[in-house]
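Engineer: sequence first, then the predicted structure:
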Amino acid sequence: MPLRLALKVDVDTDRGTRDGVPNLVADCRAIGAPACFLFSLGPDQTGRAITRVLRPGFFKKVSRTSVVQIYGVRTLLNGTLLPAPHIGRRHAATMRAVRDAGFEVGIHCYNHYRWQDYLQRMTQPEVDAEFLAARAEFRRIFGAEAHTAGAAGWQSNARSRHAYDAAGLRYASDTRGGAPFFPRIAGQVFRTLEIPSTLPTFDELMGRPEYPDDAIVDHYLSLLRDDLVNVLTIHAEIEGMGRRALFGELLSALRRTGVEFVRLDDYARELLANRAAIPVREQVMAEIDGRSGLVAAQAPD
């Protein structure tokens, strides 16, 4: 089978929306690659993420990924010493331009900091309210309901899955794993199709001695599988800004290799045409190489 790849763009911050998103739109259009842009729609409180210093592996990641260089000082002060800019209100035109350029759009979150850092402690009403806020802002900007979502920081649980099912999403992309599945958590099976990210992210490789910049492109090529659609999550703040040139090299290498770029929504429709063939798999929280803390993952078979 030919190698197939889908790009999922997580947009975390005000600056990433303003600067990184247009860059990625231009780069993907230049090579004819579709992508799904998932937007953070509410206040940018990135500065409050300093609370993550207590997570295992946080300092190691910060020391090798040049967080200040990637995000900028101003972004790292948003929600603390500086007011939290409301991303949806400031950049609605930018978001609509992505859709109008032919790209798929969906929900990343309302408040990225709150979802990533507090989802696991939220009650069902709190999770519902947070996701309803994201849906409302998405409707205000795009004039329609979102058909997909991908959780901030790969933070997902039974309560967020319940909110997704209630929203009637076509599919979600909240986890790390392999083939698409219907998630089962604590015995409950959820009906929203999950399409996991199958490949490591740039920030999970950056700065590690075993992955110098001149080895990253070949490493990605070596990881591609021909038995599924490979899913690569990229970030507006990284591949669209500080590591834009390296991402461009990867796009060019993928095209030269003959990789077929596919839309995630088309892939979801393809899968859902034979819903009975989609397996049910356990969703768990697990450590991922190169990332601090726990993320939602597809349990091994």
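Structural biologist: It's in.

Engineer: what comes up buried for the helix or strand containing residue 164?
Structural biologist: When elements are assigned from DSSP states H and E, residue 164 belongs to helix 158-167. By neighbour count, and taking 16 or more other C-beta atoms under 10 Å as the criterion, the buried residues in helix 158-167 are 158-164, 167. All C-beta atoms are positioned from the backbone trio N, CA, C, and that covers glycine.

Engineer: just stretch 259-276 next, same as before
Structural biologist: Applying a neighbour-count criterion of 16+ other C-beta under 10 Å, one finds 259, 261-265, 267-268, 271 buried in stretch 259-276.

Engineer: just the pLDDT at the nearest residue to residue 23 once chain neighbours are set aside, thanks.
Structural biologist: Excluding the flanking residues, the one nearest residue 23 by C-beta to C-beta, 6 or more residues apart in numbering is residue 240, at 4.5 Å. Per-residue pLDDT puts residue 240 at 98.

Engineer: any weak-confidence spans in this structure?
Structural biologist: Regions of the chain meeting the criterion pLDDT under 70 cover residues 47-83.

Engineer: which residues of it fall in helices?
Structural biologist: 14-15, 21-31, 58-65, 67-71, 73-77, 87-100, 112-118, 124-142, 158-167, 202-205, 213-223, 244-257, 264-272 (DSSP state H).

Engineer: near residue 237, how many other residues are there?
Structural biologist: The number of residues packed around residue 237, counting by other C-beta atoms under 10 Å, is 26.

Engineer: isn't it up against residue 15?
Structural biologist: Yes - using C-beta atoms under 8 Å, residue 237 is in contact with residue 15, at 6.9 Å.

Engineer: quick one: residues contacting residue 92.
Structural biologist: 140-141 (C-beta atoms under 8 Å, 6 or more residues apart in numbering).

Engineer: distance of it relative to residue 206?
Structural biologist: Computed as C-beta to C-beta, to the nearest Å, the residue 92 to residue 206 distance reads 31 Å.

Engineer: how far away is the residue nearest to residue 23 from residue 7?
Structural biologist: With distances taken as C-beta to C-beta, residue 240 is found 11 Å from residue 7.

Engineer: show me the contacts for residue 86.
Structural biologist: Residue 86 is in contact with 42-44, counting by C-beta under 8 Å, 6+ apart.

Engineer: what would the buried residues of stretch 259-276 look like in CSV with distance to residue 21?
Structural biologist: As requested, the buried residues of stretch 259-276 are exported to CSV (distance: C-beta to C-beta, whole Å):
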residue, distance to residue 21
259, 23
261, 18
262, 21
263, 17
264, 17
265, 18
267, 22
268, 22
271, 27
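
Engineer: ok, those residues vs residue 244, which is closest?
Structural biologist: Taking C-beta to C-beta as the measure, residue 261 is the one of these closest to residue 244, at 17.9 Å.

Engineer: show me what that closest one is bridged to.
Structural biologist: When bridges are called by DSSP bridges, residue 261 pairs up with residue 5.

Engineer: surely it meets residue 7?
Structural biologist: Yes - Residue 261 is within contact range of residue 7, at 7.0 Å (criterion: C-beta under 8 Å).

Engineer: now the common contact residues for the two.
Structural biologist: By C-beta under 8 Å, 6+ apart, residue 261 and residue 7 have these common neighbours: 33-34.
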